[in-house]
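Attaching a predicted model along with its sequence, questions to come.
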Amino acid sequence: MTGLALAPRNTLWSRLRRRPGATLAMAAIAISVLVAIAAPLLALRDPFSGSAASLLPPLSPGHPLGTDHLGRDLWSQLVYGARVSLAVGILAAASAVLIGTAIGAIAGYVGGVLDNALMRLAEFFQTLPRFVLAIVTIAFFGSSVLHVIIVIAILSWPQTARLVRAGVITLRSAAFVEAARLGGKSDTAIVVREILPNVIAPIVVTGSLDVAAAILLEAGLGFFGLGDPNLVSWGGMLNQAQQYLRQAWWMSVFPGLAITVVVLAFNLLGDALNDALNPRLRDAP
Amino acid sequence: MTEPLLDVRDLRVSLRRSGREVSVVDGVSLAIAPGEFVGLVGESGCGKSMTAFGLVNLFPTPAAHLAGGTVTFHGGRRLDGLPPAAMRRIRGAEIGMVFQDPNTYLDPLLPIGHQIAEALREHDFAGDVDARVLELLTLMEIPDPALAVRRFPHELSGGQRQRALIAAALAMNPKLLIADEPTTALDVTIQAAILDLLRRLRRQLGIGVLLITHDLGVIAETCDRVYVMYAGRIVESNTTASLFATPRHPYSQGLIKATLRPDRREALFSIPGQVPSPDSPPAGCRFHPRCPIAIAKCMGQSPELVSYDSGSVACHRAHDPAARTTWSASAA
Amino acid sequence: MGPHELALLTLRRLVAAIPLVIGVVVVNFTLIQLAPGDPTTALIGDYPAPPGYVEQVRAEFGLDRPIPEQLGRYLWQVGHGNLGYSFAHRKDVGELILERLPATLRLMLTALAIAIVLGVGLGILAARRRDSPLDHGTRLFSMTGYSVPEFWLGQILILVFALGLDLLPSQGARSLRAPPEGFAAFLDGLRYLALPAFALSLRYIALISRITRASLLEVMNADYILASRARGARERTVLLAHALRNAAPPIVTAIAYDFGFVLAGSALIETVFGWPGIGRLLFESITRRDYPVMTAILLFVSLGVVLANLIADLFHAALDPRVRRP
């Protein structure tokens, strides 16, 4: 099974690498993750410590991207902001994928009334206005990174659940699954070991797109002043830039560019993965 | 012979497939006289549908295109190389087309009356469009035409849908009707009714018909003359009666033997092997890998289509008496 | 489709939407219950309220009662339009929202109209010239448009067109000296609408063009397209009468599905441009901890999404005879 699973992954990798967009996207993601990890090394000073040198434009001595209204170094804030954006984006998307996979697998494998109820629930969650609900929830429960991750995860699982359910239903009666069942494997083992590895492709695609959506959502919350007050976030930086648009364009331009680049990278990667995993689409006339 | 309605010489159609040109119709020549009912028969994948699309230079996929040959239509007009706008004025007006699956060739979102009227409007029909649509539906023997006009495809039976498509194809009184497997997707009883309809329309309207099918039984019931096609080429042609009486090509013989006849109680026969892929056609006679009487010459040299009596055949062994009963010999 | 048939269908879909609406109210109720602190704070907001009012709220919503009864009472109160009172604005919440609604609708519907026209147009162009530079350009534009945070785009538009080039106003919905009505007032409104509407629409131009392209490409392979061409139909007829009509349902579904995001985006955009709508109201109520306004807005936005889906359903039915059947 392992050997078989490896072969398509290799071709997937080579297919991905042939797309310039995918290569760029993966490079951008790798760089931003490295920046987030190495933030303490890359930052020039404490992102919170203000100085008298407020609203310095970019390329000022000691402040390559300038300073904000409190004289804090913009580059250092940007570097630390990458931590929040990526952590929230990746953890929220991963949690959403986990919840979605579990619910989708149960719905698809058990079927019947439970399946119906869970899919209705998924449908309902997809109708809810995610952003406004997130705003109200965070406003009620208080801003913290953990709250933001939980809220985004709870609001983002249905897409994965639907995909996994569809995959599980088609594979439920496949020959190799029947064989495992006759071999006396438990239902949990069958789902986890036999079925899920075969529906991993669409999960990876939505996972990547989920990260992009989560980062955007987190930025929106930050812009609404609902980010974690103890951390620097790109959305929070844009919130403060709003009041200084007239004086300091750089306070808006750099954090916004950072969000756009990272979100675009995850969207491009998801798109490229989707194309690479669906040969039908590639060869369509 | 009078001047033919349609005269096709050396027609070639290619598919562009991952950067390579693949020939699917490889030098087909055929002619149809005015009012003649002509069949083109062959297994699926032999290029007969592509031949039909090639005649009007309209293909189901952008990868397909004409790669050579001439198509001369009524009045000596050349259709190959005609600019798109001029070709459009011929399609649906002078040459009507009917396809295999009436379920997918009708737009599900529009009433059938609208789709029949489309053929009239797009060719700037001078008369009363609504009256003409009703007249056509009556001609197609669709019950309650006034009501049927407003019906959507999903509200009609398969047979009625095919009648609606034929009505649209005949709306402008074309001189030629190309029918590509018009009965394949239908139930047996409805197949017979549609074939009856085609025969009657030919008689009544005096149109020429090119019927494309994999089913020699259908040919036997309808056509005056037949072309047998194999792997992109015509291998034999003759009047229907002569072809069934004395098929010359081993492939034609096999096809006839494979056609189930109610008066015979033999085991169902099928020619062993498969139609070769157009990507890599065999050298020489393209049928030789499946032919029980193939000789060395068949593998090296492609046979020319040679005329005899009322027909023509492309087989190196056509004049060998042993080649008249190819398959019974091998079956023994 | 006759008017009678349409009315019946609308009624049926409305009934089918009732559980969704109740579900939305239940979500609100759950939030109020789970929120840290006393539910009265969540119902009244973080404001010193007269003791009499607090008691009235406690009684109306049965806050000393068991949870199921509280839920029943909450549904009853909300169902009767009791959305609470905002002490920050000294106004009934329902009234407050209705007051702000027209500005939001104006912004949103303008953005949606721009998005549909440009999105469908770009999608058609890209599909018709598949794999051309135009197609690749559209794909890249669409991908980028989908990734830019709209509120940041708003800031950039302000920086360029309002502060840099001084072409358009950046804050508010009309100028102080604008005439109250007439063509001049309309033009004035348009100037104020331009930047926020475009900022809000970009994401949906991207989304709609992408879906239009994909849906059209799929439909163009359909047999009935070939049949129409074989009938001698002009390419314009093939596109307008058959291809676009058949490609429309997924596009409409996507627009309805993302309606909630347009509403959310509108909240952010209104904040950037000082637009006097519901989004700005939401932003203000966060800083003022005006909880009843927030839950009421959540309710309104959710209802908006349900309504958008309903309209999409009816549009499908009008378009596709197969959906109309009971």
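That came through, no problem.

Spell out the residue ranges of the helices in the stretch 151-300 of chain C.
C:183-220, C:223-230, C:235-237, C:244-257, C:259-273, C:278-287, C:291-319 (DSSP state H, counting those that start in this stretch).

Now render the ones you listed as a markdown table, adding distance to residue A:37.
From N, CA and C alone the C-beta is placed, and that goes for glycine too. Formatted as a markdown table, the helices of the stretch 151-300 of chain C follow (distance: least, CB to CB, whole Å):
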| stretch | distance to residue A:37 |
| --- | --- |
| helix C:183-220 | 30 |
| helix C:223-230 | 52 |
| helix C:235-237 | 55 |
| helix C:244-257 | 36 |
| helix C:259-273 | 30 |
| helix C:278-287 | 32 |
| helix C:291-319 | 37 |
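
Residue B:24 - how many residues pack around it?
Each residue near residue B:24 was counted by other CB atoms under 10 Å in any protein chain shown, and the total is 23.

Surely it is in a strand?
Yes - checked against DSSP: H, G, I helix; E, B strand; the rest coil, residue B:24 lies within a strand.

Which residues are in contact with residue B:58?
Residue B:58 sits next to B:87, B:91, C:226, C:229, C:230 when contact means CB atoms under 8 Å, 6 or more residues apart in numbering or on different chains.

In those residues, find the pair that's most separated.
B:87 and C:226 (14.5 Å; CB to CB).

The two: who's more crowded?
Legend: neighbour count by other CB under 10 Å for residue B:87 and residue C:226, higher for residue C:226 (21 against 17).

Give me the nearest residue to the more buried one, chain neighbours excluded.
residue B:60 (5.3 Å; CB to CB, 6 or more residues apart in numbering or on different chains).

Closest residue of the stretch 101-250 of chain C to chain B?
residue C:232 (3.0 Å; CB to the nearest CB).

Quickly note the distance from the closest residue to that residue other than its chain neighbours to chain A.
Using CB to CB, 6+ apart and skipping residues adjacent in sequence, the residue nearest residue C:232 is residue B:92, 3.0 Å away. Distance check for residue B:92 against chain A: by CB to the nearest CB, to the nearest Å, it reads 23 Å.

Neighbours of residue B:92, how many?
28.

and what of residue B:312?
20.

Assumed it was part of a strand.
Yes - Residue B:312 forms part of a strand when assessed by three-state DSSP.

which ones are touching it?
Here residue B:312 is in contact with B:236, B:237, B:238, B:305, B:306 (CB under 8 Å, 6+ apart).

Now intersect those with the strands, please.
If you go by DSSP state E, the contacts of residue B:312 have B:236, B:237, B:238, B:306 in strands.

which non-adjacent residue is nearest the third one?
Distance criterion CB to CB, 6+ apart; nearest residue to residue B:238, sequence neighbours excluded, is residue B:311 at 3.0 Å.

quick one: secondary structure of residue A:70?
Residue A:70 ends up coil, using three-state DSSP.

do the same with residue B:177
Reduced to three states by three-state DSSP, residue B:177 is strand.

Show the contacting residues for it.
Contacts for residue B:177 (CB under 8 Å, 6+ apart) come out as B:95-98, B:166, B:169-170, B:198, B:201, B:207-210.

just the helices of the stretch 151-300 of chain C: most buried one?
Of those, the one with the most neighbours on average (mean count of other CB atoms under 10 Å in any protein chain shown) is helix C:259-273, at a mean of 26.

is that one up against chain A anywhere?
Yes - against chain A, helix C:259-273 shows contacts by CB under 8 Å from any CB of the partner chain at C:260, C:261, C:263, C:264, C:265, C:267, C:268, C:271, C:272.

got TSV for those, with distance to chain B and pLDDT too?
Formatted as TSV, the residues of helix C:259-273 next to chain A follow (distance: CB to the nearest CB, whole Å; pLDDT from 0 to 100):
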residue	distance to chain B	pLDDT
C:260	28	73
C:261	28	77
C:263	30	80
C:264	33	79
C:265	32	84
C:267	37	85
C:268	38	89
C:271	42	88
C:272	41	87
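
and those residues as a markdown table, adding distance to residue B:106?
Putting these into a markdown table (distance: CB to CB, whole Å) gives the following:
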| residue | distance to residue B:106 |
| --- | --- |
| C:260 | 37 |
| C:261 | 37 |
| C:263 | 40 |
| C:264 | 42 |
| C:265 | 41 |
| C:267 | 46 |
| C:268 | 47 |
| C:271 | 51 |
| C:272 | 50 |
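
and which of those residues is nearest to residue A:132?
residue C:264 (5.5 Å).

Check the spacing between the closest one and residue A:220 real quick.
Distance of residue C:264 to residue A:220, computed by CB to CB, to the nearest Å: 7 Å.

Please apply the same query to residue A:168.
Applying CB to CB, the value for residue A:168 to residue A:220 is 33 Å.

What of residue B:31?
Counting by CB to CB - residue B:31 and residue A:220 are separated by 71 Å.

quick one: low-confidence ranges for chain C?
Counting by pLDDT under 70, chain C shows low-confidence ranges at C:1-3, C:173, C:175-176, C:178-179, C:325-326.

Same check on chain B?
B:1-2, B:260-267, B:328-332.

Could you pull up the residues touching residue C:85?
For residue C:85, the contact set (CB under 8 Å, 6+ apart) comprises C:44, C:53, C:91, C:92, C:93, C:292.

repeat that with 6 Å
Residue C:85 sits next to residue C:92 when contact means CB atoms under 6 Å, 6 or more residues apart in numbering or on different chains.

Quick check: residues of the stretch 151-300 of chain B near chain C?
B:152, B:154, B:168 (CB under 6 Å from any CB of the partner chain).

Can I get the buried part of those as one ChimeraX selection?
Buried subset of these, written as a ChimeraX selection, criterion 16 or more other CB atoms under 10 Å in any protein chain shown:
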select /B:152,168
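
what's around the closest residue to residue A:126 other than its chain neighbours, how many residues?
Using CB to CB, 6+ apart and skipping the chain neighbours, the partner closest in space to residue A:126 is residue A:158 (4.8 Å). Residues lying near residue A:158 (other CB under 10 Å) number 23.

So what does residue A:158 have for phi and psi?
When read as degrees, to the nearest 10, the backbone of residue A:158 gives phi -60, psi -40.

which ones are touching it?
A:122, A:125, A:126 are the contacts of residue A:158 under CB under 6 Å, 6+ apart.

one more time with 7 Å, if that's ok
Counting by CB atoms under 7 Å, 6 or more residues apart in numbering or on different chains, residue A:158 makes contact with A:100, A:122, A:125, A:126.

quick one: which of the residues you listed has the most company?
Neighbour counts for those (other CB under 10 Å) peak at residue A:100, which has 26 neighbours.

was I right about that residue contacting residue A:155?
No - here residue A:100 does not reach residue A:155: they are 11.3 Å apart, not a contact under CB atoms under 7 Å.

coming back round to it: and the residue nearest to residue B:238, how far from chain A?
38 Å.

Please name the bridge partners of that residue.
With DSSP bridges as the criterion, residue B:311 is bridged to residue B:308.

if we can go back for a sec, who touches both of residue C:264 and residue A:220?
With CB under 7 Å, 6+ apart, residue C:264 and residue A:220 have common neighbours residue A:131.

wait, what's in contact with the closest residue to chain C within chain B?
As assessed by CB to the nearest CB, chain C sits closest to residue B:92 within chain B, at 3.0 Å. Residue B:92 makes contacts with B:119, B:122, B:123, B:172, C:230, C:231, C:232, as judged by CB under 7 Å, 6+ apart.

With respect to residue A:194, which of these is nearest?
For the contacts of residue B:92, the closest approach to residue A:194 (CB to CB) belongs to residue C:230, at 48.3 Å.

picking that back up, now for the residue of the stretch 101-250 of chain C closest to chain B, how many residues are close by?
Using other CB under 10 Å: residue C:232 sits among 27 other residues.
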